[in-house]
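In: okay, predicted coordinates and the sequence, questions at the end:
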Amino acid sequence: MQNELIHHGISDRELIKYWGIDELRLHLIKTVIELDNDETIDDCLGMFKSVQQLRKQCFNKPNSIEEKMVVLNELIDGCGIESIQVSEELYQDSYWGNCIGTYINLGDTYITTIVYNTIDREFEVISYGDYFETKEAELQSELDNKPPY
């Protein structure tokens, strides 16, 4: 579900501790993810300086996922947004290419962060390392079990 944060068993209290934020900021993070009306997204996300800068840099308007990730990066004090790519043999999408996700870089492969899963179109709370290893194994298994043509 694109507008829901998948927790993977991590409590709100743990997220507050991991990211050094308060309950209000966590509520704001969830609200940003849950936005689904284009007009509301434009108005709400447009108030953030990070989104204003992104919009100025782009020739075409960025999509809502890109804008949400920029805001989430700001809210959890991340180091930027990175893509998670696998070989084209494992995954290929007409929009995302071989990108299986984007994540907020917090400086450590196994620290809990926010990942946007481009395959299932949902936001997840998980480390980049755990996400990559799990998805790569799933995709490899699908490829291995695919009948030959």
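Out: Alright, I've got the coordinates. Numbers count the residues shown, from 1 in each chain.

In: dig out what the residue most central in space within the chain forms beta bridges with.
Out: Using C-alpha atoms, centre = their mean, the residue of the chain that lies closest to the mean C-alpha position is Tyr116, 2.4 Å off. Beta-bridge pairing for Tyr116 (DSSP bridges): Thr102, Phe123.

In: helix or strand right after the helix-or-strand element of the chain with minimal mean pLDDT?
Out: None of the helices or strands of the chain scores lower by mean pLDDT, DSSP states H and E than strand 5-6, at a mean of 77. Counting by DSSP states H and E, the element after strand 5-6 in chain order, helix or strand, is helix 12-19.

In: quick one: mean pLDDT over the helix or strand following that next one.
Out: Counting by DSSP H and E, the next helix or strand C-terminal to helix 12-19 is helix 23-34. In this model, helix 23-34 has a mean pLDDT of 93.

In: which stretches of this protein form strands?
Out: Assigned strands in the chain, in chain order: 5-6, 81-85, 99-104, 112-117, 122-127 (criterion: DSSP state E).

In: about what we covered before: and the contacts of the least confident helix or strand of the chain?
Out: Ile29, Lys30, Ile33, Ile114, Glu122, Phe123, Glu124, Val125 (C-beta atoms under 8 Å, 6 or more residues apart in numbering). Heads up, the C-betas are built off the backbone N, CA and C, glycines and all.
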